[in-house]
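[1] Below is the sequence, then the predicted model.
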Amino acid sequence: MKNLIENVELVKNQAFINGKWVHSNSRKKFDVINPYDGKLLISVADCVTDDAKLAIDGAQGALPEWKAFTAIARSKVLRKWFDLIVENEEDLAKLLTLEQGKPLAEARNEVAYGASFVEWFAEEAKRVYGDTIPGHQVNKRIVVIKEPVGVVAAITPWNFPIAMITRKVAPALAVGCTVVIKPAEDTPLSAIALASLAEQAGFPAGVFNVIPTSDPVGVGMVLTESKQVKKLSFTGSTATGKKIMEQCSSTVKKLSLELGGNAPFIVFKDADLEAAAEGAIASKFRNAGQTCVCANRIYVQAEVYNDFVKYYLSKVKRLKMGSGLDEQVSIGPLINQKAIGKVTALVKDAQKKGGTIKTGGKPVATGRNLFEPTVITNVTARMDLNQQEIFGPVAPIFKFRSAEEVIQLANNTKVGLAAYFYGKDNSLIWQVAEALEYGMIGINTGMISTTLAPFGGIKESGFGREGSKYGIQEYLNIKYLCMEV
Ligand code: SIN
């Protein structure tokens, strides 16, 4: 691996706790595996609960100094971190592809996307405004000030090992919080590389901590139950999110949860079908279908169903699978064998219940963790993939007749992260956008993620917003001062 990465400082096998690169208290390590070929990349420090406590102590110790920095001074350190991420884009992208599997072009996009949160919140650091409120009595003055919540724990997923860290920690750091990051066990290397650049950027010791671990439950428990940790931000499954919420209740911790999705992607009969098919490719197959905002259920109006399927199939058949390091490849491996098992079971269930596999449908015998880009028609609500997040390159295409029917079908799910639709009728566009019970709606586009907009869901997709002017508020307490004059 080291031959591929020019800046060797990015590749480390230790945790970063209180400004020091350290081995775990247990002296144990765990293996980081390339999902494409199953080969060992490196073994890294396997942090245990004691390490998590040390990291929290470090973050707590660094808090007074960091929050006393002026906003401009914090902004400068964040800006430096941003510059370093950008300077190291190619190395970070390769590291990301090696541990996560996504194609290099996507990895480069993720590094840029991840860096954009750091740049944005470096600026926003200077704009944490309070309020003055007309007093309720003639001799009263009311002022609202904002303060950092304190130590923040970030539990981040393997599908975006860089961007999901920066989206959480950049706003936290910007307002004066200190952070403890527990990266996913499949992808700790990107987090370690980000920590190495953060160290170089000049965050004081203890402000930025990374604790890789193969024990997410034990270490997670320390983070959720710690009295010192005042805010926890988690991205991952709804099931785990519910447990985290329960554990955080003992300290009434502030929480942001970005949980699972089941995105409908609706194509109305007046849509530009070519554009809709293109949008559905981008939305479905980015990161081999492993994003929370991936199109999970594609609904096409009966009048244009056959035409859409034809366009879509021709595009899907052109997608090339393989190693993410091959520049021609657009679909990399799934993260691990468990993911392959889940996607295979969902496809088999659909087939058993009458679905027609138009292309793909199975893992690739020659490659580890590769699953063929798959399109299924004759899909019905009885199939498991109607309610479960597929998290793989499988596109089920449903048929619908009216707007009322499809809105009802689209909303018939416990979660509400992202939804998409294509159509031209202006009044229908507003009607559908307002009726869909989701936190984010793509209208005539399959790509909605940007630093500039508030990312997050409703229902069992969680709460809290990341990115945009809203993202920074999640790391602030409101305090009001009532002064008698
Ligand atoms: C996610 O899958 O949680 C993040 C996707 C994105 O930011 O686009």
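    Now that the structure is in, tell me what you want to look at.
[2] Quick check: residues of the stretch 101-250 of the chain near the ligand?
    Proximity of the stretch 101-250 of the chain to the ligand, by Cβ under 6 Å from any ligand atom, involves residues 159-160, 235. To be clear about C-beta, it is placed using only N, CA and C from the backbone, and glycine gets the same treatment.
[3] Out of those residues, which sit inside strands?
    In strands, judged by DSSP state E, the following of these are found: residue 235.
[4] As a markdown table, the residues of the stretch 101-250 of the chain next to the ligand with pLDDT and neighbour count would be great.
    Formatted as a markdown table, those follow (pLDDT from 0 to 100; neighbours: other Cβ atoms under 10 Å):
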| residue | pLDDT | neighbour count |
| --- | --- | --- |
| 159 | 98 | 26 |
| 160 | 98 | 27 |
| 235 | 98 | 26 |
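[5] which one of the residues of the stretch 101-250 of the chain next to the ligand sits closest to residue 17?
    residue 235 (22.3 Å; Cβ to Cβ).
[6] ok, the closest one touching residue 157?
    Yes: judged on Cβ atoms under 8 Å, residue 235 makes contact with residue 157 at a distance of 4.9 Å.
[7] hmm, back to that, columns distance to residue 196 on top of the residues of the stretch 101-250 of the chain next to the ligand, output as JSON lines?
    Below are these laid out as JSON lines (distance: Cβ to Cβ, whole Å):
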{"residue": "159", "distance to residue 196": "22"}
{"residue": "160", "distance to residue 196": "19"}
{"residue": "235", "distance to residue 196": "22"}
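[8] Tell me the one of the residues of the stretch 101-250 of the chain next to the ligand nearest residue 380?
    Using Cβ to Cβ, those come closest to residue 380 at residue 159, 28.1 Å.
[9] dump the residue contacts of the closest residue to the closest one other than its chain neighbours.
    Of all residues beyond its chain neighbours, the one nearest residue 159 is residue 290 (4.7 Å), with distances taken as Cβ to Cβ, 6 or more residues apart in numbering. With contact taken as Cβ atoms under 8 Å, 6 or more residues apart in numbering, residue 290 is in contact with 159, 334-335, 339, 391-392.
[10] and if you look at residue 432?
    Neighbouring residues of residue 432 by Cβ under 8 Å, 6+ apart: 266, 403, 407, 421, 423.
[11] try 10 Å
    Counting by Cβ atoms under 10 Å, 6 or more residues apart in numbering, residue 432 makes contact with 266, 268, 403, 406-407, 410, 419, 421, 423, 425, 441, 443.
[12] Check residue 146 too.
    Residue 146 makes contact with 128-131, 175-176, 472-473, 475-479 under the criterion Cβ under 10 Å, 6+ apart.
[13] Can you list phi and psi of the closest residue to the ligand within the chain for me?
    Closest approach between the chain and the ligand, counting by Cβ to the nearest ligand atom: residue 449, at 3.2 Å. When read as degrees, to the nearest 10, the backbone of residue 449 gives phi -80, psi 130.
[14] That one: how many residues sit nearby?
    Residues lying near residue 449 (other Cβ atoms under 10 Å) number 18.
[15] Hmm, residue 418 and it touching each other?
    Yes: here residue 449 lies in contact with residue 418, judged by Cβ atoms under 10 Å, at a distance of 8.9 Å.
[16] joint contacts of those two?
    291, 293, 440, 442, 455.
[17] which ones are touching the residue lying closest to the third one once chain neighbours are set aside?
    The shortest distance from residue 440 to any residue that is not its chain neighbour, by Cβ to Cβ, 6+ apart, is 4.5 Å, and that residue is residue 418. Remark: with contacts taken as Cβ under 10 Å, 6+ apart, residue 418 is in contact with 261-265, 283, 291-296, 436, 438-442, 446, 448-449, 455-457, 461.
[18] Quick check: the gap between residue 418 and residue 225.
    According to Cβ to Cβ, to the nearest Å, residue 418 stands 32 Å off from residue 225.
[19] Also residue 449?
    Counting by Cβ to Cβ - residue 449 and residue 225 are separated by 32 Å.
[20] Around residue 365, how many other residues sit close by?
    Residues near residue 365, counting by other Cβ under 10 Å: 6.
[21] Same question for residue 454.
    By other Cβ under 10 Å, neighbour count at residue 454 equals 15.
[22] residues in contact with the residue lying closest to it once chain neighbours are set aside?
    Using Cβ to Cβ, 6+ apart and skipping residues adjacent in sequence, the residue nearest residue 454 is residue 465, 3.9 Å away. Going by Cβ under 10 Å, 6+ apart, residue 465 touches 256, 258, 439-440, 453-457, 471-474.
[23] Got a ChimeraX select line for the buried ones in the residues you listed?
    Under the burial definition 16 or more other Cβ atoms under 10 Å, those of these that qualify are selected in ChimeraX by:
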select :256,258,439,440,453,455,456,457,471,472,473,474
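[24] quick one: pLDDT of residue 26?
    In the prediction, the pLDDT value recorded for residue 26 is 93.
[25] Then residue 69?
    For residue 69, the model assigns a pLDDT of 98.
[26] Does the residue nearest the centre of the chain fall in a helix, a strand, or a coil region?
    Most central in the chain under Cα atoms, centre = their mean is residue 164, positioned 4.6 Å from the mean C-alpha point. Recorded secondary structure, residue 164: helix (DSSP: H, G, I helix; E, B strand; the rest coil).
[27] Apart from its neighbours in sequence, what residue is nearest it?
    residue 156 (4.5 Å).
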